[in-house]
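[1] Give me a model of this one.
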Amino acid sequence: MSLERRYQREFVRTFFTTPTAVEGEDDSAKMLRSAVQLRGMQAPDVWVPDNEDATAPNMRDEGVENIVDVISEHGADFPGEIHPRIVWHRDDPTTRYQGFQHMLENADPSNGAIEHIDGFVIPEVGDIDDWKKADEFLTIVESEYGLEEGSLSMSVIVESGEAELAMGDLREEIGKPANNLERLFLLVDGEVDYTKDMRAMTPTGELPAWPELRHNTSRGASAAGLIAVDGPYDDIRDVEGYHARMEDNRAKGMTGIWSLTPGQVVEANRSPLPPKIGSWIMEVDGQEIELEGSEDRQVLDTDAVSLQETDEGSYSLQIGDDERRLDEDELQEELTDRVSYIPSLDDIVDSMEEFEAAKESGKGAIAVTQATTVVIDDVEIDISKERMWDEATYQAAQTPITLFQDVYEHRPDQHEELEETYGIDIVERAMNVG
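    Residues are numbered from 1 along each chain as shown. All right, here's what the predicted structure looks like:
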């Protein structure tokens, strides 16, 4: 079945939530007013005025008023998409009705906000029938105000086993005449409530990592033509851990992640983009250590590895507790197996342009060579890695380029920063390749 996408973005890097009303402040909308002013790398791809968990229950009616006030005044200038999060619960019709009323107020054209609202985020969904209820409410809202049917997107937060299983039903259900589930946009993991729903426990009380949930959400999004987003990373000071989580997610096909602060937004906006400068890494006892140096000479600086030339053509290589005596060919082979290259944006564009030129001349594949000199304890060893580029390799390499192009197209407020980072020439070439 061919799925009709109703949105333009192919990638979402950042999903940033903001309380809609803060109790005890002279201006309860102060955090909304601050967030709507964010620009450049500090501004998320998707901004979520959060009238559910981030806002106290007794403040939610005021929160809806704040959403309308702030978005009607500033929404036109916000560079990302705006998707308010309403209240909802699969087991509570009263909560669902309250969420419906809040959607109606947000979408009322006389309030002036709906022209800047791209859709709504629905939390705590259950099985696929519950998703259809939310979709039907959105259809009623559109009908009530004369909006185009399906013009408001719907994103759901996967916070239960029911919702996780429902993702497997999407391909069959989307596109049926009885629903408008083609309005779906994001599938977002909510690991906190998911942990509660699963009755999961850890010795420390911390959340499980839930790699299975993240894989299933990414798979469900891919199968249904949607976008997957990981849940919040609560330790906002752990930048290294946040980066590791995002890297693990990208290996699952999940580019987006929830951001809790503008600082996390910056990290999550930049992290998936190809690096400005290529780098070499070496695998040592299950960890990746980045080598330092210039393009043709890379130095490994770690106590975990030592290398000595014992006599002419013979070497002693020690990695952790493992010591081996190798000749030069064996050492080159060992280091070649352990060392990998992370290509820069320029490298990826170069390789794609080279393959495109070769394909035009009738060639089906090219060899791309990466070479450097690895220096360990002042001992220099030349290594070379050769990779065959065929059509499949070319298509796989397009993903980071497609991401870059998607960002550049939809986030003009980030153009200046991207051009300063990579250079105008590289940016122009990246926008024209593929």
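[2] Would you mind identifying the next helix or strand past the helix or strand hosting residue 157?
    Applying DSSP states H and E as the criterion places residue 157 in strand 153-158. As assigned by DSSP H and E, the chain's next helix or strand after strand 153-158 is helix 161-166.
[3] Just the buried residues of the next helix or strand along the chain from that following helix, please?
    Once helix 161-166 ends, the next helix or strand along the chain (criterion: DSSP H and E) is helix 170-173. By 16 or more other C-beta atoms under 10 Å, the buried positions in helix 170-173 come out as 170, 173. Heads up, the C-betas are built off the backbone N, CA and C, glycines and all.
[4] circling back to that earlier point, which helices and strands sit right next to the strand holding residue 157?
    strand 119-122, helix 128-145, helix 161-166, strand 184-189 (3 or more C-beta pairs under 8 Å, 6 or more residues apart in numbering; DSSP states H and E).
[5] who does that strand pair up with?
    strand 119-122 (parallel), strand 184-189 (parallel) (DSSP bridges).
[6] Of all the helices and strands packed on strand 153-158, which one is nearest residue 256?
    Taking C-beta to C-beta, strand 184-189 is the member of these nearest to residue 256, at 7.4 Å.
[7] Could you check the angle the closest one makes with helix 128-145?
    Strand 184-189 runs at 140 degrees relative to helix 128-145, counting by axes from the mean of the first three to the mean of the last three C-alpha atoms, to 10 degrees.
[8] Any chance you could list what contacts strand 184-189?
    7, 12, 15, 46, 83, 119, 121, 153-158, 167, 170, 174, 210, 213-214, 217, 220-221, 224, 226-231, 256, 258 (C-beta atoms under 8 Å, 6 or more residues apart in numbering).
[9] Bridge partners for the residue most central in space within the chain, pull those for me.
    A centroid search over the chain (C-alpha atoms, centre = their mean) returns residue 256, at 1.8 Å, as the residue closest to the centre. Applying DSSP bridges to residue 256 gives these bridge partners: residue 229.
[10] go on, residue 325?
    Here residue 325, judged by DSSP bridges, has bridge partners residue 316.
[11] Tell me who's in contact with it.
    With C-beta under 8 Å, 6+ apart, residue 325 has these contacts: 310, 314, 315, 316, 317.
[12] Tell me the first helix or strand C-terminal of the longest helix that the chain contains.
    Longest helix in the chain, counting residues (DSSP state H): helix 391-410. Downstream of helix 391-410, the first helix or strand assigned by DSSP H and E is helix 415-422.
[13] Mind giving me the packing neighbours of that following helix?
    Going by 3+ C-beta pairs under 8 Å, 6+ apart, helix 415-422 lies up against helix 391-410, helix 424-432.
[14] Could you check the angle the longest helix of the chain makes with helix 415-422?
    140 degrees.
[15] okay, the helices and strands packed on helix 415-422 in CSV with distance to residue 341 and mean pLDDT next?
    Shown next, in CSV, are the helices and strands packed on helix 415-422 (distance: least, C-beta to C-beta, whole Å; pLDDT from 0 to 100):
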stretch, distance to residue 341, mean pLDDT
helix 391-410, 13, 93
helix 424-432, 18, 97
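[16] I'd like these as CSV, with distance to residue 192 appended.
    What follows is the helices and strands packed on helix 415-422, written out as CSV (distance: least, C-beta to C-beta, whole Å):
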stretch, distance to residue 192
helix 391-410, 28
helix 424-432, 37
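[17] okay, the ones you listed in TSV with distance to residue 58 and mean neighbour count next?
    Listed next are these as TSV, based on distance: least, C-beta to C-beta, whole Å; neighbours: other C-beta atoms under 10 Å:
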stretch	distance to residue 58	mean neighbour count
helix 391-410	37	16
helix 424-432	49	15
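[18] Quick one: closest of these to residue 353.
    Of those, nearest to residue 353 by C-beta to C-beta is helix 424-432, at 7.2 Å.
[19] Identify the residue spatially nearest to residue 90, adjacent ones excluded.
    residue 126 (2.9 Å; C-beta to C-beta, 6 or more residues apart in numbering).
[20] Give the residue spans of the protein that score low on pLDDT.
    Applying pLDDT under 70 to the chain flags residues 1-7.
[21] repeat that for 80
    1-8, 294-295, 311-313 (pLDDT under 80).
[22] Tell me what the closest residue to residue 121 other than its chain neighbours is bridged to.
    Once flanking residues are discounted, residue 121 sits nearest to residue 85: 3.9 Å by C-beta to C-beta, 6+ apart. Assessed by DSSP bridges, residue 85 has beta-bridge partners residue 50, residue 121.
[23] Neighbours of residue 337, how many?
    Using other C-beta atoms under 10 Å, residue 337 has 11 neighbouring residues.
[24] what does stretch 280-293 contact?
    Residues contacting stretch 280-293 (C-beta under 8 Å, 6+ apart): 279, 298-302, 304-305, 319-320, 335, 338-342, 372, 374-375.
[25] Tell me, how many residues neighbour the residue lying closest to residue 410 once chain neighbours are set aside?
    Using C-beta to C-beta, 6+ apart and skipping the chain neighbours, the partner closest in space to residue 410 is residue 9 (5.9 Å). Around residue 9 there are 19 other residues, counting by other C-beta under 10 Å.
[26] Likewise for residue 196?
    12.
[27] Point me to the helix or strand that includes it.
    Using DSSP H and E, residue 196 falls in helix 191-198.
[28] between that helix and strand 153-158, how many degrees?
    50 degrees.
[29] Name all residues that make contact with the closest residue in space to residue 404 that isn't next to it in sequence.
    Distance criterion C-beta to C-beta, 6+ apart; nearest residue to residue 404, sequence neighbours excluded, is residue 430 at 5.4 Å. The contact partners of residue 430, taken as C-beta under 8 Å, 6+ apart, are 345, 349, 401, 404, 405, 408, 422.
[30] The first one and residue 314: what is the separation?
    The reference is to residue 345. Using C-beta to C-beta, to the nearest Å, residue 345 is found at 41 Å from residue 314.
[31] what's the answer for residue 183, then?
    On the measure of C-beta to C-beta, residue 183 and residue 314 end up 67 Å apart.
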